[in-house]
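Engineer: Output the structure for:
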Amino acid sequence: MNKEMSISTYLYRKAGQRKIPLGGTFELTPLCNLSCRMCYVRMTARQVRDSGGLLTVEDWLRLADEARRLGTLYLLITGGEPFVYPGFDELYPQLIERGFIISVNTNGTLIDEKRVSFLAAKPPARVNITLYGASAQTYQSLCGDGSCYERAVAAIKRLTAAGVKVRINATFTQYNIHDREAIYEFADSLKLPVSEAVYMFPPVRRDEAALERFSRLDPEYAGDLIFDRLRRTTDEAKLLRRCNAAAAQLASAVGTTVLPSVGQPMKCRAGRAAFWITYNGQMRACGMMPLPTADAVTSGFEKSWHMIVTETEKITLAKECSACIYKEYCTICA
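Structural biologist: Here you go, the predicted model:
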């Protein structure tokens, strides 16, 4: 872990103890030029209009000022596709000038030379570009537009050449897992980090009935890929010690667990040190969760945050997870 991450981890730990909203996400729009199979955010323009429309730049700046007063430092700008938001060029520099440490999540396909110059003038801490595959064919299958592959690759190269920090996000499903090695090879060629997600949560925010229909990698295969990621990023001796410790812990836990009456509380930053505000001003603990929710525009940021904290504390994880011997090695999500 580098020094920057150590500092942020320390700050988030302190913020979680004091219920300070240190980090937040501004979901500028659910609109996107891609139509990815697993997306839990994307909406049509008509759906956006029917649900109240997008927040204005002034709305976002007011929320940003209120968040900053309560302690927000880290800000993620996302969508949908954030560069589809009509006020991005007006909003982004004003957020930078307010002192936020900003990251931008994007599919990269709308980042041309002009956009690179715009970002390089006031660079974010990082641009996270999701690379959905290593070919036009994969993009067509997963995202509905094969032409966007070359555009995403070009954006990554342009930003890197301009000195803007880039991280490649890789979201793997059955439709693009065959490109995993090629994506890593491309990242290695540019000396860029990769953050991969191999186990997709059902997109319940978009469709509560999606659990049975949602296609994803099976748990065993996802576990193998997680181990492979550790192998790539951890030296052999450290990995061996970690595996031996895990094996010993699992062996001692077999047959000793008792199913509790209730599950354990949420342990992530959501609703304790982090918030998410949707395109229409709904504050939530996490972008994937439809509840709890508060209207941050009408009620104000501070009141909404306190409500989210209170309601999040009532959420418990599945009690089966509390008793599972694999819980320390699994991403448990409410």
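Engineer: Going by C-alpha atoms from here, please, whenever you check contacts or count neighbours.
Structural biologist: OK.
Engineer: can you pull the contacts of residue 277?
Structural biologist: 24, 25, 26, 27, 283, 284, 287, 296 (CA atoms under 8 Å, 6 or more residues apart in numbering).
Engineer: Quick check on it: phi, psi?
Structural biologist: The phi/psi pair for residue 277 (degrees, to the nearest 10) reads phi -120, psi 120.
Engineer: Can you list the low-confidence ranges for the stretch 201-334 of the chain?
Structural biologist: Scanning the stretch 201-334 of the chain for pLDDT under 70 picks out the ranges 203-204, 206-215, 255-258.
Engineer: that older thread, among the contacts of residue 277, which two are most distant?
Structural biologist: Using CA to CA, the two most remote members of the contacts of residue 277 are 287 and 296, lying 14.5 Å apart.
Engineer: helix or strand for residue 196, which one?
Structural biologist: Using DSSP states H and E, residue 196 sits in strand 194-197.
Engineer: how far does that strand sit from the chain's center?
Structural biologist: Centroid separation for strand 194-197 versus its chain: 10 Å, with CA atoms, centre = their mean, to the nearest Å.
Engineer: Show me the longest helix that occurs in this structure.
Structural biologist: Longest helix in the chain by number of residues (criterion: DSSP state H): helix 236-253.
Engineer: isn't residue 194 right up against residue 184?
Structural biologist: Yes: using CA atoms under 8 Å, residue 194 is in contact with residue 184, at 7.3 Å.
Engineer: Listing partners with orientation, what would you give for the strand holding residue 196?
Structural biologist: strand 166-171 (parallel) (DSSP bridges).
Engineer: in the protein, which spans are strands?
Structural biologist: With DSSP state E, the ranges of strands along the chain come out as 23-27, 74-78, 101-106, 126-130, 166-171, 194-197, 274-277, 282-284, 293-295.
Engineer: Compute the number of surrounding residues for residue 217.
Structural biologist: Look at residue 217: counted by other CA atoms under 10 Å, it has 16 neighbours.
Engineer: what's the answer for residue 67, then?
Structural biologist: Counted with other CA under 10 Å, the neighbours of residue 67 add up to 23.
Engineer: Enumerate every residue touching it.
Structural biologist: Going by CA under 8 Å, 6+ apart, residue 67 touches 21, 301, 302.
Engineer: Against residue 90, how distant is the second one?
Structural biologist: What that stands for is residue 301. Applying CA to CA, to the nearest Å, the value for residue 301 to residue 90 is 21 Å.
Engineer: So which of the two has more stuff around it?
Structural biologist: Ranked by neighbour count (other CA under 10 Å), residue 301 and residue 90 place residue 301 first, with 24 against 11.
Engineer: can you pull the contacts of the more buried one?
Structural biologist: By CA under 8 Å, 6+ apart, the residues touching residue 301 are 63, 66, 67.
Engineer: give me the number of residues near the first one?
Structural biologist: So the one you mean is residue 63. Using other CA under 10 Å, residue 63 has 20 neighbouring residues.
Engineer: now it: how far from residue 13?
Structural biologist: According to CA to CA, residue 63 stands 24 Å off from residue 13.
Engineer: before we move on, what about the second one?
Structural biologist: Distance, residue 66 to residue 13, using CA to CA: 22 Å.
Engineer: Contact partners for residue 122?
Structural biologist: 93, 96.
Engineer: which phi and psi does it have?
Structural biologist: For residue 122, the backbone dihedrals (degrees, to the nearest 10) come out as phi -140, psi 80.
Engineer: just for the stretch 51-200 of the chain, where's the confidence low?
Structural biologist: In the stretch 51-200 of the chain, no residues with pLDDT under 70.
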